[in-house]
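Novice: pasted the sequence and its predicted model underneath.
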Amino acid sequence: MPFKTLDDMELDGRVVLTRVDINVPVEDGRVTDATRIERIVPTVRDILARGGKPVLLAHFGRPKGKVVPEMSLRQLVPTLSEHLGTEVTFADGDYGAAVAAMNAGDVLLFENVRFHPGEEKDDEAFAARLAAVGDVYCNDAFSAAHRAHATTHALARKMPACAGRLMEAELTALERALGDPKPPVAALVGGAKVSTKLDLLGNLVTRVQHLIIGGGMANTFLAAQGVDVKKSLCEHDLLDTAREIAAKAEAAGCAILLPRDVVTASEFRADPPTQTVRVEDVPDGHMILDAGPDSVAHIRTVLDGCATLIWNGPLGAFEMTPFDDATTAAARHAAELTRKGQLVSVAGGGDTVAALNHAGVAEDFTYISTAGGAFLEWMEGKTLPGVAALED
């Protein structure tokens, strides 16, 4: 790997400034989903086990450089302590004094770094102030790595730097999926609009052998081929763009797979009367809301012949039955292939994680990223400042 990990660092007795993402949902002062906190536990415990003193740096919400009491990280201390299995102390003022008071086995949490105007400006002075109280920098927040902020970028350049366990796992998984994947590679990309994933599609067609397009964006590609999608969600102003992407894919030897049959309804709600028809036969007054069984069978066949799968987005309006059928069936087949050791499957994005959890297969994929924007930008082929700083 072009970056160092915790295994490469001497930690005993050293203060480890550890950038984490614990931007969790909170209602009435109570954490309602501790997933992000759970995912930093291996890194913090590893630092402690090797004699290091972890000082957690994190953001919460968007205070825009001002102190916003309801966005204080103090409210997360009880949940952090519970999951780490040790008491977490909190510092909202003198960093130096708080760090000097640490003993072996202590965990310290600094106040929301976005309370400081220098954080989002990647300010060198703010980074230097932090670096002065630590010995080692550890970035365990891949989900914030697409931001060039002081605690993700400038700080990493001021002291010995490494990736935490979560960051290491994310980068290793993405390298297996896109950096140096075992071919053939398939990418399944769904979602409502082509316009939100233009860079992603443009990059993938040069990197994968099969591009499976689903969701509302598939309608735009179908319309670009002359299919009348009737009332379906479709970006008619992007038909030429869809044709350009298709031409780029053909030139690169990437096969684009679009739905062959679809499930339609005249209204967008759960459990309406539906019809399953060929894409050329969408009834008047109907909209496409899911891929049909023949399309799913085609996807299954493609995946059977692949060694690597990257998944971002659902195949239909999976939030409502019965339009979750195609996504669930494809996800379960990918999971089965993964369990058999035939497929490396990497997925990411909020809707994707929700869909795989809905299908009951999230634990069976090789890796699921919760990083959101950072995951998408990596798939788009963009350089992530937080990762580049570690590699430098």
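Specialist: Everything's here; your move. Numbers count the residues shown, from 1 in each chain.
Novice: okay, buried residues for stretch 236-247 please.
Specialist: Residues of stretch 236-247 classed as buried by neighbour count (16 or more other C-beta atoms under 10 Å): Leu238, Leu239, Thr241, Ala242, Ile245, Ala246. Heads up, the C-betas are built off the backbone N, CA and C, glycines and all.
Novice: send me stretch 237-256 as CSV with only the CA atoms.
Specialist: Extracted in CSV, the C-alpha atoms of stretch 237-256 (Å, rounded to 0.1, in the frame of the first residue of the first chain):
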residue,chain,number,x,y,z
ASP,A,237,-32.6,17.0,-21.8
LEU,A,238,-29.8,14.4,-21.2
LEU,A,239,-30.6,12.0,-24.1
ASP,A,240,-27.6,13.2,-26.1
THR,A,241,-25.4,12.7,-22.9
ALA,A,242,-26.7,9.2,-22.5
ARG,A,243,-25.9,8.4,-26.1
GLU,A,244,-22.4,9.9,-25.6
ILE,A,245,-21.8,7.6,-22.6
ALA,A,246,-23.1,4.6,-24.5
ALA,A,247,-20.7,5.4,-27.4
LYS,A,248,-17.8,5.8,-25.0
ALA,A,249,-18.7,2.5,-23.4
GLU,A,250,-18.7,0.8,-26.8
ALA,A,251,-15.3,2.2,-27.7
ALA,A,252,-13.9,1.0,-24.4
GLY,A,253,-15.4,-2.5,-24.8
CYS,A,254,-17.8,-2.0,-21.9
ALA,A,255,-21.2,-3.6,-22.4
ILE,A,256,-24.1,-1.6,-21.0
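Novice: one step back: quick check, nearest of the buried residues of stretch 236-247 to Thr5?
Specialist: The shortest approach to Thr5 among these belongs to Ile245, at 36.9 Å (C-beta to C-beta).
Novice: other residues contacting whichever strand or helix holds that closest one?
Specialist: Using DSSP states H and E, the secondary-structure element containing Ile245 is helix 239-252. With C-beta atoms under 8 Å, 6 or more residues apart in numbering as the test, helix 239-252 has contacts from 194, 198, 201-202, 205-206, 211, 220-221, 223-224, 255-256.
Novice: what about burial for those, which qualify?
Specialist: Val194, Leu198, Leu201, Gly202, Val205, Leu211, Thr220, Phe221, Ala223, Ala224, Ile256.
Novice: as a markdown table, these with pLDDT would be great.
Specialist: Converted to a markdown table, the buried ones among the contacts of helix 239-252 look like this (pLDDT from 0 to 100):
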| residue | pLDDT |
| --- | --- |
| Val194 | 89 |
| Leu198 | 89 |
| Leu201 | 94 |
| Gly202 | 92 |
| Val205 | 96 |
| Leu211 | 98 |
| Thr220 | 97 |
| Phe221 | 97 |
| Ala223 | 98 |
| Ala224 | 97 |
| Ile256 | 98 |
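Novice: those in helices, which ones?
Specialist: Leu198, Leu201, Gly202, Thr220, Phe221, Ala223, Ala224 (DSSP state H).
Novice: which members of those are the farthest-apart pair?
Specialist: Gly202 and Ala223 (19.0 Å).
Novice: which of the buried ones among the contacts of helix 239-252 sits closest to Ala317?
Specialist: Nearest member of the buried ones among the contacts of helix 239-252 to Ala317, counting by C-beta to C-beta, is Thr220, at 15.6 Å.
Novice: need the pLDDT of the closest residue to Asp33 other than its chain neighbours.
Specialist: Distances taken as C-beta to C-beta, 6 or more residues apart in numbering place Pro25 nearest to Asp33, at 5.2 Å, with adjacent residues excluded. In the predicted model, Pro25 carries a pLDDT score of 92.
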